[in-house]
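> Provided below are the primary sequence and the corresponding predicted coordinates.
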Amino acid sequence: MVSNVGHGNKEVISGILDQVKELSFAHTSQFRNRPQEEYASLISEITPPALDYVYFLSGGSEANETAIKMARQYFIEKGKPSKYKVIGRWSSYHGNTLGTLSAGGHVKRRMAYTPLLIDFPHIDSPDWYRNPDADPIYYADLLEAEIKRQGEEQVAAFMLEPVTGTSNAASCSPSVYYQRIREICDQYDVLLICDEVMSGFGRTGKYFASEHFGFIPDLITGGKGISGGYAPLAAVIVKDSIFKTFFEGSGQFSHGHTYIGNPVSMQAGLMVLKYLRKYDVVEHVSEIGKYLLSELQNVKTTSDIIGDVRGLGLMIGVEFVADQENKTPFPPEAKLAEKVKKVCFENGLIVYPGSGHINGDQGDTVLIAPPFVITKEEVDELVGKFAESVNEIS
Ligand code: PLP
């Protein structure tokens with residue numbers, strides 16, 4: 001999920017070394033730096049039109065926290081200071097800081113901290129595995145109902161993962177769902193924040209997962225693999241009109257961390273993005289991802305504990321069930337996803353265990369998210385190890 005261009009990537013390493021020799025730190029409150037500006041320009045070439053501003057951070061939680069604060073400041077500047085609430089979705093994870101835990105719906109990760117959290121509302125999201133005939137518009141309209149319940153003058157933003165990660169691995173909805181969400185946000189002057197910390201920067205076979213579904217968010221957050229793991233890095237990509245509101249109002253976005261725009265991290269991100277473009281890596285993700293998905297779906301036909309295999313590009317989710325016909329999950333005490341992780345690891349394969357959709361976060365899933373540079377032979381090796389591990393558990 002992070003080491004997108006592989007370990008020991010010579011082009012990326014050599015660019016980073018050059019940068020370390022030239023300049024390793026300069027606080028952005030006093031200095032601009034070359035890789036930051038070059039990287040921001042390059043990002044604006046891959047983002048949807050009119051999302052040309054980028055604010056850099058060190059991790060996904062920081063990026064989402066920042067996006068929430070941007071939404072808040074935007075409405076203050078616009079003369080609508082009562083708008084501050086962020087509506088999130090159950091079964092979504094946006095980070096481990098207090099603001100992002102509040103917007104997120106990951107029940108287990110929120111539990112100990114509930115007294116510290118902001119009481120942001122949440123709506124349910126569809127479970128397409130258990131309810132394939134669900135009406136996407138019904139689920140999108142839950143947002144409208146929640147905005148009305150809260151009062152539109154209170155709601156600043158809606159935050160979602162276009163393809164879910166930690167909860168309900170690699171699940172996504174038909175395009176009409178996202179397009180209706182976009183309409184509702186426009187109607188009620190609510191900013192749409194797309195958390196693409198996992199799904200962005202090429203992981204799903206397009207630079208941003210939202211491109212698959214034909215809608216344009218107001219803010220997109222990215223993290224994890226954007227620097228290929230060579231330096232801590234995350235980003236908030238922001239609609240021009242939002243930054244224009246800051247510039248024409250108070251003059252700036254009032255926020256900051258010591259390491260924003262760190263030149264070494266900037267160079268790492270820049271080198272990774274240049275690499276993706278130079279070698280058409282995102283196209284490769286799309287193609288090889290289809291092969292990986294179909295091979296894992298073949299594993300499902302020979303297993304009695306795999307209920308579903310789904311995903312886009314190289315972001316694949318596998319859901320395990322005790323009873324395939326009734327889609328009954330394993331009891332929580334079976335800790336099935338953890339067991340799969342352990343056995344896979346013993347067999348030389350890293351998978352990311354998570355929960356399903358039921359009751360917030362019951363059920364067992366794993367994410368399979370190999371580096372973008374994986375070859376067909378390596379996919380075969382991965383699938384072989386996965387099949388072997390699942391058979392050991394069955
Ligand atoms: N958002 C999503 C969708 C994530 O998957 C994660 C991490 O798993 C985060 C946010 C938080 O990112 P970080 O762990 O870099 O703070």
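Structure's in. What do you need?
> Next, the residue of the chain found nearest the ligand: phi, psi?
At 2.3 Å from the ligand, residue 60 is the closest residue in the chain, using C-beta to the nearest ligand atom. To be clear about C-beta, it is placed using only N, CA and C from the backbone, and glycine gets the same treatment. In terms of degrees, to the nearest 10, the main-chain angles of residue 60 are phi -60, psi -40.
> Let me see the contact set for residue 367.
Listed by C-beta atoms under 8 Å, 6 or more residues apart in numbering, the contact partners of residue 367 are 1, 165, 169-170, 315-317, 351-352, 354.
> The same query, at a cut-off of 6 Å, please.
Applying C-beta atoms under 6 Å, 6 or more residues apart in numbering to residue 367 gives the contacts 169, 317, 352.
> and those as CSV, adding pLDDT, secondary structure and distance to the ligand?
As requested, those are exported to CSV (pLDDT from 0 to 100; DSSP: H, G, I helix; E, B strand; the rest coil; distance: C-beta to the nearest ligand atom, whole Å):
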residue, pLDDT, secondary structure, distance to the ligand
169, 94, coil, 11
317, 98, strand, 12
352, 96, strand, 9
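> Mind listing residues that contact stretch 231-239?
With C-beta under 6 Å, 6+ apart as the criterion, stretch 231-239 contacts 47, 50-51, 53-60, 62-63, 66-67, 218-223, 226-227, 264-265, 268-269.
> just how off-centre is it within its chain?
12 Å (C-alpha atoms, centre = their mean, to the nearest Å).
> how long is that stretch end to end?
26 Å (C-alpha to C-alpha, to the nearest Å).
> average pLDDT across that stretch?
For stretch 231-239, the mean per-residue pLDDT is 98.
> My read is that the residue of the chain closest to the ligand contacts residue 198, right?
No. Residue 60 is not in contact with residue 198 according to C-beta atoms under 6 Å; the separation is 8.0 Å.
> what do those two both touch?
Counting by C-beta under 6 Å, 6+ apart, no residue touches both residue 60 and residue 198.
> number of nearby residues for the residue nearest to residue 66 when sequence neighbours are not counted?
Distances taken as C-beta to C-beta, 6 or more residues apart in numbering put residue 236 closest to residue 66, at 5.2 Å, once the chain neighbours are dropped. Residues within reach of residue 236, counting by other C-beta atoms under 10 Å, total 26.
> Which pLDDT does the model give residue 126?
Value for residue 126, per-residue pLDDT: 88.
> so who does it touch?
Counting by C-beta under 6 Å, 6+ apart, residue 126 touches 134, 139, 173.
> With residue 20 instead?
The contact partners of residue 20, taken as C-beta under 6 Å, 6+ apart, are residue 264.
> Dihedrals phi and psi, it?
Taking degrees, to the nearest 10 as the convention, residue 20 sits at phi -60, psi -40.
> which residues in this protein form helices?
Assigned by DSSP state H, the helices in the chain fall at 10-22, 34-46, 60-77, 98-103, 107-110, 136-150, 175-187, 210-213, 240-248, 263-278, 281-301, 336-346, 376-393.
> which of the ones you listed has the lowest average pLDDT?
Confidence, taken as mean pLDDT, is least for helix 107-110 of the helices of the chain (a mean of 90).
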